[in-house]
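> Have a look; sequence and predicted model below, questions after that.
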There are 2 protein chains.
Amino acid sequence: MTADYPQHELPLPPMQWNAWGTTAAATTLPQPVKDLLGQVLGVSGEQIAAPAATQVRLSPSRLRASDIAALEAIVGTVATGDGDRLIRAGGKSTLDLLRRRQSHQDAPDAVVAPATSGQIADLLRWCADQSIAVVPFGGGTSVVGGLDPDAGGLRGVLSVDLRNFDQLVSIDPVSAQATFGAGVTGPRAEELLGAHGFSLGHFPQSFQFATIGGFAATRSSGQASAGYGRFDDMVTGLRVVTPTGILDLGGAPKTAAGPDLRQLFLGSEGTFGIITEVTVRVRAAAPVTLHEAWHFPDFATGATALRAVAQQGGGPTVMRLSDEAETGVNLASPGKIGATDDSVSGGALAITTFEGTGAVAQARQELTAAVMRDSGGRSLGAPRGQAWEHGRFDAPYLRDALLAIGVGCETLETATTWSNLSALKAAVTTALTDAIETSGSPALVLCHISHTYPTGASLYFTVVYKCDSNPITQWQTAKAAASEALVAGGGTITHHHAVGADHRPWVDAEIGDVGVRILRAVKDALDPAGILNPGKLIP
Amino acid sequence: MTADYPQHELPLPPMQWNAWGTTAAATTLPQPVKDLLGQVLGVSGEQIAAPAATQVRLSPSRLRASDIAALEAIVGTVATGDGDRLIRAGGKSTLDLLRRRQSHQDAPDAVVAPATSGQIADLLRWCADQSIAVVPFGGGTSVVGGLDPDAGGLRGVLSVDLRNFDQLVSIDPVSAQATFGAGVTGPRAEELLGAHGFSLGHFPQSFQFATIGGFAATRSSGQASAGYGRFDDMVTGLRVVTPTGILDLGGAPKTAAGPDLRQLFLGSEGTFGIITEVTVRVRAAAPVTLHEAWHFPDFATGATALRAVAQQGGGPTVMRLSDEAETGVNLASPGKIGATDDSVSGGALAITTFEGTGAVAQARQELTAAVMRDSGGRSLGAPRGQAWEHGRFDAPYLRDALLAIGVGCETLETATTWSNLSALKAAVTTALTDAIETSGSPALVLCHISHTYPTGASLYFTVVYKCDSNPITQWQTAKAAASEALVAGGGTITHHHAVGADHRPWVDAEIGDVGVRILRAVKDALDPAGILNPGKLIP
């Protein structure tokens, strides 16, 4: 952080308070992108002023001296400075970033960083007794309002930073299984496992900053999900601290001993308890990675090919398909957006990678290539696949650079069955386009398939538009239109970004009244005082 | 059923009331088996008398005429005859079969067979209002007391037979997904799917009689789980009728919209609601099946090989490994038990099969064979794998023939991590052996790995012993000893047979106090009157 950042007592999370990632890695817009935006959206490229951290007025802490003393007795440092509170006051959605441009902002009333599950249990009991809400904080990468400092009618909000749960608790190399503290970040998990010859293989776009606990609490899904599975597939055990006790789940790889309670805490977003340890299956680090990109005449043909590969099984580690619009602007290689590429003029670009021993990776590549060719694909060889891999964590930085010149750029994702994919894609594209156009801007709507399953796939939309004078309402309106289209069109409201505050109005449509009643019953049993992450997930 | 079976109003389930399967398929013991039993257990081979169905005195129905009238108004036929009630009075565990040999038996007070989810909703509302317990009945194959006619302190028990939910409700061939009524049996599901070129690929030993709804309610796992997944992996959607409303879950292949509530009803064993429809992913019927059997010098070496294959991924459709004892008695080929086979004198036998297109099956077989060879395996070629497949549903018939001459033969299964497999196997073997020997009989304890995962595997034990004069207590004592050993040794209490009444005392050890509290909270929210399958699953 720069010198003009407000004072803080606890170490700061690595990401900037008002943008994705670190200052060092922040990017500027390449000229071809600026040219493209000028043509399509009519933006000038001039930077729009935003408040510095020291200029923001935070809601004052509502905690009393006696509260601080009680919390200190449990956990040591209780940080109430603006610097500690500001950086944990929200996530990294476009909505969050727009709010960061306001002069007054809400924030948690204090921040603590406990070091043990026992301390968290004590914290939760005290908070329940004292009517203080608790918002768990991992990497701070939520894009669904999961970190909103919502007191839910209670008298304050405590941010519980899990940064001290930063260890590889244990590893069982024979069983290819490891237990991590919830605060371990993606890169740190790979580093810790790498020392033992293993990899987790979970690479969501938030990988560089997000934590193991966050992956679990939000049902994260990484870019290599075709090969390594979603995060919820990887989890074999959980330790969860609830206000009414600590729960240890898992042990056996699979069981028929009743409902799988792990699946109740995966995706629980801090509303049932705080996940402090996660046991995951790991894989031997792959000695070989093969890349192959494919060109299809159009998205529909490509989607049929991906479906055939997914239904055959034993295919790629990564498999993605950009639609014509996304292929046209080269979004799969952020470094080359807007640049001309003769090999894929028109049509749809697919990326595949294959990991494993040489024999395994090669066998999978050959079986996949045969299906791709039979389905109308033309191989583009390895380089474009490598280029995608190289740039795969860069897109969020680009979004910051766009927002700084008044260009909104947000993503949303869903999943549906293969048979419903085209209709849903069209409906969401129309809803987004109509809503943005109604606000007075053209809309550039791009889409790719990022995760495939035998029965269906995800659709990941990127929308680029010119911000109007009330950009928060502008995006909320467009997002609501897209959400209604998703629900009406048979898609899920979120494939891998969780519910948070932003998707909560559509949970009822997803699981029905009886489903909502179940969530509330579990919540009441574990958190009768309602302190855990109010306003998220549960309607 | 034979002419001496009590009268009945509803069609009878296909299985015999007091033994596995149909009368036509019942088997007698081959002479080599009789010889083996004579040597090892000292049994004479003489048949032990058991009561005929007409000789059994059932607990009289507690329902009043007004109850019958009310139920008839909802569902039509309300069967209270001994024939209808007797056959639905229990499952097919050894404990069930021993109870069937008693002169007095408990039974549900009446049987109904509703045809729609709406009728079931009406039934449940009426039962809740009238304090009548409900036990759902599918194929009647439970081996954990899941069908015990336990009124749980209420004034009666209604058996709800799902036989009329016998349809393929819909099929989406593009998405490779199908919706079945809960009462469709395994073979019928394959027949219905086969007409569309698909297969479900779920082949538990109960396949011939068990139902889709039962597979879901008990977290069943089939013999082809290595390739097709467990049943809980296959389910993409559920319709569940609860006393407080109907719940429809699923739609998207995967979602991050909160906890996966499907995983709360999978394994719920009729205690939260009655599953009436199940949506499953299906596969294109495999044009090719390749078989290969392997011989290992010992079980430990074979287990290490299976582990390497499971952790490599993309391997067999079926993968099993018998320990030295099981290999020695040739249990993998029930038709050849006790016969000499020079190719596997000593050591441990593994079976693998590979399904798919020719190219896929062959690639998988080659990748697997390389690992098997590197791990000390010797290929025995295809025939022994084919023999296993041919006899794979026969073992339960054998058990009946054994029990008829006073030989107990029961199975139990668990799962644990690869690193804990040997220790757990030894502990359970010792516990079973000691308990049976204490009862005065030698114990033949056999074991195989039937299901493999990257992080661990199942262990499936078969124990053969001479029944004593109080065989129910004898087996309950041995089972309790094995269960204690499982829990103490880090295994799950059940890998694919569910909890039922029999494993219920060990659920608390599996999920802890907080886990039990969650189950009770969900139960109270959905079934406040406590009518649904009392005495099962939830402590």
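Cool, the structure landed. Nothing here was measured: the structure is a model prediction, and the numbers come from that model.
> so where's the stretch 151-300 of chain A shaky on pLDDT?
Along the stretch 151-300 of chain A, the model assigns pLDDT under 70 to no residue.
> for the stretch 1-150 of chain A, which spans come out with low pLDDT?
A:1-3.
> What segments of it are strands?
Using DSSP state E, counting those that start in this stretch, the strands of the stretch 1-150 of chain A run over residues A:57-58, A:104-105, A:110-112, A:133-137.
> For chain B, find the nearest of the ones you listed.
Chain B sits nearest to strand A:133-137 of all the strands of the stretch 1-150 of chain A, at 15.7 Å, using CB to the nearest CB. (C-beta placed from N, C-alpha, C; glycine too.)
> which secondary structure elements does the closest one contact?
If you count contacts as 3 or more CB pairs under 8 Å, 6 or more residues apart in numbering or on different chains; DSSP states H and E, strand A:133-137 packs onto helix A:117-130, strand A:157-161, strand A:274-281.
> at 10 Å what do you get?
Other elements packing on strand A:133-137 under the criterion 3 or more CB pairs under 10 Å, 6 or more residues apart in numbering or on different chains; DSSP states H and E are strand A:110-112, helix A:117-130, strand A:157-161, helix A:212-218, strand A:274-281.
> Take the strands of the stretch 1-150 of chain A and write them to TSV, including mean neighbour count.
Listed next are those as TSV, based on neighbours: other CB atoms under 10 Å in any protein chain shown:
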stretch	mean neighbour count
strand A:57-58	16
strand A:104-105	16
strand A:110-112	25
strand A:133-137	26
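> So for A:Val318, which of the ones you listed sits nearest?
Nearest of these to A:Val318, taken as CB to CB: strand A:133-137 at 29.7 Å.
> want to throw the strands of the stretch 1-150 of chain A into TSV with distance to B:His496?
Shown next, in TSV, are these (distance: least, CB to CB, whole Å):
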stretch	distance to B:His496
strand A:57-58	54
strand A:104-105	53
strand A:110-112	44
strand A:133-137	35
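> quick one: the residue lying farthest from the centre of chain A from chain B, how far?
Largest separation from the mean C-alpha position in chain A: A:Ser66, at 37.0 Å (CA atoms, centre = their mean). Noted for A:Ser66: a distance of 30 Å to chain B, by CB to the nearest CB, to the nearest Å.
> Among the helices and strands packed on strand A:133-137, show me which one is buried the most.
helix A:212-218 (a mean of 31; mean count of other CB atoms under 10 Å in any protein chain shown).
> ranges for the strands of the stretch 351-500 of chain A?
According to DSSP E, counting those that start in this stretch, the strands that the stretch 351-500 of chain A contains are A:378-381, A:407-417, A:443-449, A:456-466.
> Quick check: buried residues in the shortest one?
What it means is strand A:378-381. A:Leu380 (16 or more other CB atoms under 10 Å in any protein chain shown).
> What pairs with it, parallel or antiparallel?
strand A:288-296 (antiparallel) (DSSP bridges).
> Could you list the buried residues of the partner strand?
Neighbour-count burial for strand A:288-296 [16+ other CB under 10 Å]: A:Thr289, A:Leu290, A:His291, A:Glu292, A:Ala293, A:Trp294, A:His295, A:Phe296.
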